[in-house]
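**Q** Any chance you can model this:
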Amino acid sequence: MSSVIEGVRFSVLDRSRVREGRSAASALRDTVALAREAEALGFHRFWVSEHHGVPGVAGSAPTVLAAAVAAATATIRVGTGGVMLPNHRPLVVAEQFGVLESLFPGRIDMGLGRSVGFTDGVRRALGRGKDDAEDFAAQLRELLDWFRGASPTGVHARPAEGLSVPPFVLAMGEGARIAAEAGLPMVVGDLRDRDRMRRGIDLYRARFRPSAWASEPYVVVSGTVAVAGTPEEARRLLVPEAWSMAYSRTHGSFPPLPPAERVEALEMTAKERGFYEAGLAGQLAGTEEQVAEELETVLKETGAQEVLVTTSTYDRRALLDSYRRLADLVRLR
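**A** Numbers count the residues shown, from 1 in each chain. Next up is the predicted model:
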């Protein structure tokens, strides 16, 4: 194994993608089962995400799902990638993570994002607007203050106050500055836009202020990593997600993941084909040797301490095989 890869942590983010012909309940159970697999393979963390009103994603309540994951595992760190802070009151978020940390001490991470709803309808249902993301820095400060017992109102966040739940900021652009000035670890993606990723990381490191949460910058790079016996098999792992993204960009709805063979038989419009091919391009996919080379390049370029893998596909067996190959490649076990 390359010395660049050695010592780097590898973790998993699962977005509870619904598979065509399966239910949302199945997707959530698959997430919990994948967490047990990830723990057995030696991955460092297992995170879940927050999406609202998306047909192809079942993960709408990340702290609830994180509790199920933590209850089904024993050693792997469990968290969110992330809770979208503009959608919630900071006090409620602090209380939820306080409960999680109290139930599963020393295993909970608090990944926080600044996105609001996927569509205007979802934003209205959440009582939020696009501009609410602009308040993220203030919301983040308030959330951390609840853990420190620093609220000026005399209210106490029970049982969060006094607990230490590591916070992470999901960041691109402005989020990198916020993470740096708050002195928090940063999660940055995706791996396909390396130039933008490097700019965000450079800004983060240049403006980082040590805090009680982190004494020095900590960078997690996030993206798809697909490993298979041949380049063609690895590419097929990417096909369902690439088509779902292309469909969402051309039809306004993010559908469940279809089988790769059905996608490959479709007659796409030129616009659909363009988005689809873009979704396949630039991902870390291939044989063990190819992926090792790509990982080494990414880690040299970014100096990241951790890689958060977010791969989704229709074929669950092939997905598990990819994670097993990756674990063996980076010697997690």
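**Q** Excluding chain neighbours, give the residue nearest to Thr230 in space.
**A** In this structure, Thr230 finds its nearest non-sequential neighbour in Thr287, 6.6 Å apart by CB to CB, 6 or more residues apart in numbering. The way it works is simple: take the backbone N, C-alpha and C, and place the C-beta from them, glycine included.
**Q** wait, that neighbour sits on Glu232?
**A** No. Using CB atoms under 8 Å, Thr287 makes no contact with Glu232, being 10.2 Å away.
**Q** For these two, work out which one has more neighbours and name it.
**A** Thr287 (17 against 9; other CB atoms under 10 Å).
**Q** residue contacts, the more buried one?
**A** Val227, Ala228, Gly229, Thr230, Pro231, Ala234 (CB atoms under 8 Å, 6 or more residues apart in numbering).
**Q** Contacts for the host helix or strand of Gly279, please.
**A** Element membership for Gly279 (DSSP states H and E) is helix 270-280. For helix 270-280, the surrounding residues in contact (CB under 8 Å, 6+ apart) are 235, 238-239, 241-243, 245-247, 249-250, 263, 268.
**Q** Give the other helices and strands that the very next helix or strand once past it contacts.
**A** As assigned by DSSP H and E, the chain's next helix or strand after helix 270-280 is strand 284-286. Judged by 3 or more CB pairs under 8 Å, 6 or more residues apart in numbering; DSSP states H and E, strand 284-286 is in contact with strand 225-227, helix 231-251, helix 288-302.
**Q** what residues does strand 284-286 touch?
**A** Applying CB under 8 Å, 6+ apart, the external contacts of strand 284-286 come out as 191, 223-228, 231, 234-235, 237-238, 291, 294-295, 298.
**Q** Near the nearest residue to Ala212 once chain neighbours are set aside, how many other residues are there?
**A** Leaving aside its sequence neighbours, Ala212 sits nearest to Gly183 (CB to CB, 6+ apart; 7.7 Å). Using other CB under 10 Å, the number of residues around Gly183 comes to 18.
**Q** Could you check how far Gly183 is from Leu85?
**A** Gly183 is 17 Å from Leu85, where distance means CB to CB, to the nearest Å.
**Q** Low-confidence ranges, the chain, go.
**A** For the chain, the stretches flagged by pLDDT under 70 are 1, 116-123, 126-134, 333.
**Q** show me where it has strands.
**A** Along the chain, counting by DSSP state E, strands occupy 9-14, 45-48, 77-80, 83-84, 110-113, 167-170, 186-188, 219-223, 225-227, 284-286, 306-309.
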